[in-house]
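Asks: Here is my input, please return the structure:
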Amino acid sequence: MKKFLVFGLSICFALTFSSCKTSKESAYKSAYDQAKQQELVQGDSQVAEPIEIAPVTTSTSTSTETPPPVDMSYREEKVVLATGEQGVLKAFSVVCGSFVSKTNADALKATLVGEGYSALVVQNPATGMYRVVCATYDDKQRAAEARDQFKASHPTDADFQKSWLLYNK
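Replies: Numbering: from 1, shown residues only. Predicted structure coming up:
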């Protein structure tokens, strides 16, 4: 008797939950279909208007406007050239990538070398992080300008837009 009661309750339980799912699915499907129909109706009624392209103008103004200030902020770290690297690391460097894995750092370096940069991989022995440097300078101002130029030459790359200055202590 107990077995029949448990069996009956389990069947009722299963039917209850399966019926709810079907009604939700059908409600979502009908709402989706209705929205799709409305989209098609609106799409047919819209007329494509010609797009006007504004001419590009360049300013040759000789006014004494000062250019925006260059961000001179930097991070201080003690870094050394990574194993197998050859090159000169100066006081200020433009870091365009940071990695835990040297393999990933080497891959980015290869990409940058392919673009014409004198990229280096450096390591912070304290943290173990590998930094990919695309330019290195003795002067902070020149390094900041190089960082801004690097960002400007890669406007669609969100990772390169996070490039920063490193002062090697």
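
Asks: quick one: the helices in the protein?
Replies: Taking DSSP state H, the helices of the chain run over residues 2-45, 102-114, 140-153.

Asks: Which elements pack onto the shortest one?
Replies: So that's helix 102-114. If you count contacts as 3 or more Cβ pairs under 8 Å, 6 or more residues apart in numbering; DSSP states H and E, helix 102-114 packs onto strand 92-99, strand 120-123, strand 130-137. Every C-beta, even on glycine, is put in place using the N, C-alpha and C of the backbone.

Asks: Now mean neighbour count, distance to residue 37 and mean pLDDT too, for those strands, in CSV please.
Replies: CSV is the format used below for those (neighbours: other Cβ atoms under 10 Å; distance: least, Cβ to Cβ, whole Å; pLDDT from 0 to 100):
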stretch, mean neighbour count, distance to residue 37, mean pLDDT
strand 92-99, 22, 49, 96
strand 120-123, 22, 57, 96
strand 130-137, 23, 52, 96
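
Asks: For residue 84, which of these is the nearest?
Replies: Closest approach to residue 84 among the helices and strands packed on helix 102-114 is made by strand 120-123 (8.5 Å; Cβ to Cβ).

Asks: Please save the CA atoms from that closest one in CSV.
Replies: Once non-C-alpha atoms are left out, strand 120-123 reads as follows in CSV (Å, rounded to 0.1, in the frame of the first residue of the first chain):
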residue,chain,number,x,y,z
LEU,A,120,61.9,43.3,-24.9
VAL,A,121,60.6,40.9,-22.3
VAL,A,122,61.6,41.9,-18.7
GLN,A,123,60.9,40.2,-15.5
